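**Q** let me see the structure of the following:
(chains A and B)
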Amino acid sequence: MRTLAVLLRKEFAQILRDRFMLRQIIAMPIVQLVVLASAATFEVKTARMYLVDRDHSATSRALVDRLRASGRFVVSGASPSMEGANAAMLERRVDLIVGIPAGFERDVVQTRSGRVQLVLNAEDGAAAGVTQAYAAQIIQAYSRELGSRIASDAGNGSVGRVEVRTRGWYNPQLDYRNYMVPGILVQLITVIGSLLTAMNIVREKEIGTLEQLSVTPLPRATFVAAKLLPLWFIALVELALGLLVARFLFDVPMVGSIPLVFAAAGVYLVAALGIGLWVSTVAQTQQQAMFVTFFIIMIYLLMSGLFTPVRSMPDWAQWIAQANPMKHFIHVMRAVMLKGAGFADVAGEIALLGAFGAAVLSLAVRQHGRASG
Amino acid sequence: MNAGALRAFIVKEFRHILRDRQTLTILLLMPLVQVVLFGFALRSDVRDVRLAVVDPTPDYASTALRARFAATDRFRVVATLPTTALLEPLFRRGEADAALVFEPDFGARLGRSEPARLLLAVDASDPNTGTTVQNYARAVIAAQETEWATARGGVRIATDTRMRFNPTLESVNLFVPGLIALVLTLVSAMMTAISLSREKERGTMEVLLVSPLRPVHIIIGKVLPYLALAFANVVTALLAAWAVFQVPFRGSVALLLAASLVYSMVSLAIGVFVAARTPSQRGAMLAAMLGTLLPSTLLSGMIFPIASMPAPLQVLSSIVPARWFIVVARGIMLKGVGVPQLWQELAVLSFMTLAFMALAVRSFKPRLG
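**A** Take a look at the predicted model:
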């Protein structure tokens, strides 16, 4: 026990001495939250629209006015030919081409049906989908308005309409930040925890002090504990820092229990640091360690549902995602912070995280014994 | 300084990298794994929306609308409930993604030409999915409404929608250009930064500095192997994307490779700069991550559209080389455009390369602290 205390003091001193790294560890959550939380949105504020109006009628102009009045579309070019529109799209000057054919008004009045062409720049897939949905909604609304106007002109009764109210549960303002922040914090402590663990141990390997340690009577478990505990602690401090930034800089709601968040993080970090420890047994240089860890984290990250929903993946990928501790922890963080889930709601996930942690850690410690033996 | 020494140094650096089988394997494997993951597993579209319906007084109208929802392949009705009270637990347990709540006498009101109210509730804890589900549901409702309206003499405006350059919104097509940027950043900037600071940490940099090699030559020798590796990575990623996913190459492949080369050089220059300014490998790694990898993934438009970002971040994104590279790569691959349309982006990229190279050479002082 005394050996462990001494070793821990040494490890902490070594980490705290490296001011440069310390500054970065502190800067990282702030920069990441500021950048990621504001950048990570698919919402499209305004789309630039190019108008090809071959009808030039009151109806076609009214349709364009509806689009413009929504505030989501600005006209950034107009000509009667499609060539100009195409060139503008190729040069990325417009996001959307609205084509209204000649005879649009006549068709609407006579046959009660018109045709409008929408061409979107799908180079940016997510944005294109959203823009298209907005435009289609506005056009539909306009057609209903036209319909009731024509009907009342003709003396028929107007058509009843469906009034849709929408409500987004758990995040009524549809604020992307609220959703992204818990996930970003998970990514942050994972990267810091596992990368530093791996590089820290491999560094001792590189400068030869690991060999010296292996000839001392130091038990393997004590060595591992002394290496992991400081980083476990730093990662939790990092989480606290991140939560403070999220709470006071971004007003991210924290509906659920904060101690529960930390408890889950403590369990999860065992798995994350265990991965770092495992990497340190297979890597010879810090460069290798960084690379292997990065490779693993990247796969975990992409399969975690942080950026794209897990439920959108094909079934086999969803199965693989089940074996991803990061996915479960992100789920726990989101459930607790956004929906106010209690321990009972997330106990299953936490137990799973504990099992992952135990498995990874025991594998890594076994491997470690073999590697230094 | 003779050319022989430089050549020997470059050969030595190449051997260093080729000897390290483990890193090499991962380096070559990484772009493949990423292409496969992006191509098969990651989709930002939403499928299989579980819908709960609350319909207190089923009638012709509500039944027609429900049937229309059930007929789409996107929505699946998982529960039909008599009251809204039963909805909340369903959402909290994550068993429903959206709910459709009809007001009593929905059809009767519609028949009397009164507004008939409908509540569309979605689980918005994931706002991206929430918004998408909302849009899909609104489209279904609007289609039904148009049908009713047309039956009673209303107007129908059909929209022909064309998604140009990527008609199926295939995510792999969108991600491959970004992926190339990511791999290049990782290999060029991070690996170089670590490799150079390693020499510093181990003290071998001193040996190099007293050798007849000039600092510029040390940089060239260190950087060239990574340039070659980065290039090999681009080629493997592109081949995988083309062979497995039939990602289109509408423009000139030569121009794309040339742009990749320029982009690698910016990243390498940034890597050298980072290494010159950091004391340890750990520090270099963190700095390279903060300075290159994060901006290249988040501020480059690779995943999230730049147009959606707040104004200060849009300005910030313009100093991220990856942003310009991705525009070029997407333009060449998906749109088939060339220099006439992309010269601005290419010019910015080239200017950045020169600027960062100058900065890197200047900061790499042949002095020891």
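**Q** pLDDT-wise, which helix or strand of the chain ranks last?
**A** Answering for chain A, as no chain was given. Using mean pLDDT, DSSP states H and E, the weakest-scoring helix or strand in chain A turns out to be strand A:162-169, at a mean of 70.
**Q** meant chain B actually
**A** Of all regular secondary-structure elements in chain B, judged by mean pLDDT, DSSP H and E, the least confident is strand B:156-164 with a mean of 70.
**Q** distance from the helix or strand just after it to the middle of the chain?
**A** As assigned by DSSP states H and E, the chain's next helix or strand after strand B:156-164 is helix B:171-184. The offset between the C-alpha centroid of helix B:171-184 and the centroid of the whole chain comes to 6 Å, using C-alpha atoms, centre = their mean, to the nearest Å.
**Q** on that earlier part again, quick check, distance from the very next helix or strand once past the least confident helix or strand of chain A to the centre of its chain.
**A** Scanning forward in sequence from strand A:162-169 by DSSP H and E, the next helix or strand is helix A:176-190. Once both centres are worked out by C-alpha atoms, centre = their mean, helix A:176-190 turns out to sit 7 Å from its chain's centre.
**Q** format the CA atom coordinates belonging to helix A:176-190 as PDB.
**A** Coordinates of the C-alpha atoms in helix A:176-190 are reproduced here as PDB (Å, rounded to 0.1, in the frame of the first residue of the first chain):
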ATOM      1  CA  TYR A 176     -28.300  20.400 -31.300                       C
ATOM      2  CA  ARG A 177     -25.900  21.500 -28.700                       C
ATOM      3  CA  ASN A 178     -27.800  19.800 -25.900                       C
ATOM      4  CA  TYR A 179     -27.600  16.600 -27.800                       C
ATOM      5  CA  MET A 180     -23.900  16.900 -28.900                       C
ATOM      6  CA  VAL A 181     -22.400  18.000 -25.600                       C
ATOM      7  CA  PRO A 182     -22.800  14.800 -23.600                       C
ATOM      8  CA  GLY A 183     -21.400  12.800 -26.500                       C
ATOM      9  CA  ILE A 184     -18.500  15.200 -27.000                       C
ATOM     10  CA  LEU A 185     -17.600  14.900 -23.300                       C
ATOM     11  CA  VAL A 186     -17.400  11.100 -23.700                       C
ATOM     12  CA  GLN A 187     -15.200  11.400 -26.700                       C
ATOM     13  CA  LEU A 188     -13.000  13.800 -24.900                       C
ATOM     14  CA  ILE A 189     -12.300  11.700 -21.800                       C
ATOM     15  CA  THR A 190     -11.900   8.600 -23.900                       C
END
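**Q** so which bits of it are buried?
**A** Of the residues in helix A:176-190, those buried under the neighbour-count criterion (16 or more other C-beta atoms under 10 Å in any protein chain shown) are A:176-190. All C-beta spots, glycine's among them, are computed from the backbone N, C-alpha and C.
**Q** B:Arg47 and chain A: what is the separation?
**A** Counting by C-beta to the nearest C-beta, to the nearest Å, the gap between B:Arg47 and chain A amounts to 6 Å.
**Q** that residue should be in a strand, yeah?
**A** No. Going by DSSP: H, G, I helix; E, B strand; the rest coil, the assignment for B:Arg47 is coil, not a strand.
**Q** which ones are touching it?
**A** Contacts for B:Arg47 were tallied using C-beta atoms under 8 Å, 6 or more residues apart in numbering or on different chains; they are A:Ser312, B:Arg74.
**Q** now the closest residue to chain A within the stretch 1-150 of chain B: phi and psi?
**A** Closest contact between the stretch 1-150 of chain B and chain A, by C-beta to the nearest C-beta, is at B:Ala124 (2.9 Å). Note on B:Ala124: its backbone torsions stand at phi -100, psi 20 [degrees, to the nearest 10].
**Q** one more: B:Val247?
**A** Listed backbone geometry of B:Val247 is phi -60, psi 130, with angles given as degrees, to the nearest 10.
**Q** domains in chain B, as residue ranges please.
**A** Dividing chain B into domains by automatic domain parsing, as the record does, gives the ranges B:3-42+B:169-363, B:49-151.
**Q** if we can go back for a sec, among the buried residues of helix A:176-190, show me the least confident.
**A** In terms of pLDDT, A:Tyr176 ranks lowest among these, with 72.
**Q** so what pLDDT did A:Ile350 get?
**A** In this prediction, A:Ile350 has a pLDDT value of 93.
**Q** pretty sure it is in a helix, no?
**A** Yes. Secondary structure of A:Ile350 (three-state DSSP): part of a helix.
**Q** that one: neighbouring residues, count only.
**A** Counted with other C-beta atoms under 10 Å in any protein chain shown, residues neighbouring A:Ile350 total 19.
**Q** what's near enough to touch it?
**A** Neighbouring residues of A:Ile350 by C-beta under 8 Å, 6+ apart: A:Ala263, A:Ala264, A:Val267, A:Val332, A:Phe343.
**Q** just flag the most distant two among those.
**A** Spatial extent of the contacts of A:Ile350 (C-beta to C-beta) is set by the pair A:Val267 and A:Phe343 at 12.1 Å.
**Q** which one's more surrounded, these two?
**A** Relative neighbour count places A:Val267 above the other of A:Val267 and A:Phe343, with 22 against 14, counting by other C-beta under 10 Å.
**Q** and the helix or strand encompassing the more buried one with chain B, contact?
**A** Secondary structure from DSSP H and E places A:Val267 in helix A:258-282. Yes. Remark: helix A:258-282 sits within contact range of chain B at A:Val282, by C-beta under 8 Å from any C-beta of the partner chain.
**Q** is chain B contacted by the next helix-or-strand element following that helix?
**A** With elements assigned by DSSP H and E, the helix or strand that comes after helix A:258-282 is helix A:286-302. Yes. Taking C-beta under 8 Å from any C-beta as the criterion, helix A:286-302 and chain B are in contact, through A:Gln286, A:Gln287, A:Gln288, A:Met290, A:Phe291, A:Val292, A:Phe294, A:Phe295, A:Met298, A:Ile299, A:Leu302.
**Q** dump those to CSV, plus pLDDT and neighbour count.
**A** Conversion of the residues of helix A:286-302 next to chain B to CSV gives the following (pLDDT from 0 to 100; neighbours: other C-beta atoms under 10 Å in any protein chain shown):
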residue, pLDDT, neighbour count
A:Gln286, 83, 27
A:Gln287, 80, 25
A:Gln288, 83, 21
A:Met290, 83, 26
A:Phe291, 80, 27
A:Val292, 85, 22
A:Phe294, 82, 23
A:Phe295, 82, 19
A:Met298, 82, 16
A:Ile299, 84, 18
A:Leu302, 81, 21
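**Q** what's the farthest-apart pair in those residues?
**A** Taking C-beta to C-beta as the measure, the residues of helix A:286-302 next to chain B span a maximum distance of 24.2 Å, between A:Gln286 and A:Leu302.
**Q** shaky segments in the chain?
**A** Here I'm looking at chain A. Along chain A, the model assigns pLDDT under 70 to residues A:40-43, A:124-126, A:151-163, A:168, A:171-174, A:369-373.
**Q** let me rephrase: I mean chain B.
**A** For chain B, residues meeting the criterion pLDDT under 70 lie at B:1-2, B:41-45, B:152-156, B:163-172, B:365-369.
**Q** so which residues of it form strands?
**A** B:49-54, B:75-81, B:98-102, B:116-123, B:156-164 (DSSP state E).
**Q** most distant residue from the middle of chain B?
**A** Computed with C-alpha atoms, centre = their mean, the maximum C-alpha offset from the centroid of chain B is found at B:Arg112, amounting to 50.3 Å.
**Q** and that residue, its phi and psi?
**A** Comment: the main-chain dihedrals of B:Arg112 come out as phi -90, psi 10, following degrees, to the nearest 10.
**Q** ok, A:Met313 next?
**A** phi -70, psi 160.
**Q** try B:Ser125
**A** Here B:Ser125 shows phi and psi, under degrees, to the nearest 10, equal to phi -60, psi -30.
**Q** need the contact list for it.
**A** For B:Ser125, the residues meeting the contact criterion (C-beta under 8 Å, 6+ apart) are A:Trp169, A:Tyr170, A:Asn171, A:Tyr179, A:Arg334, A:Leu338, A:Lys339.
**Q** cool, thanks, signing off.
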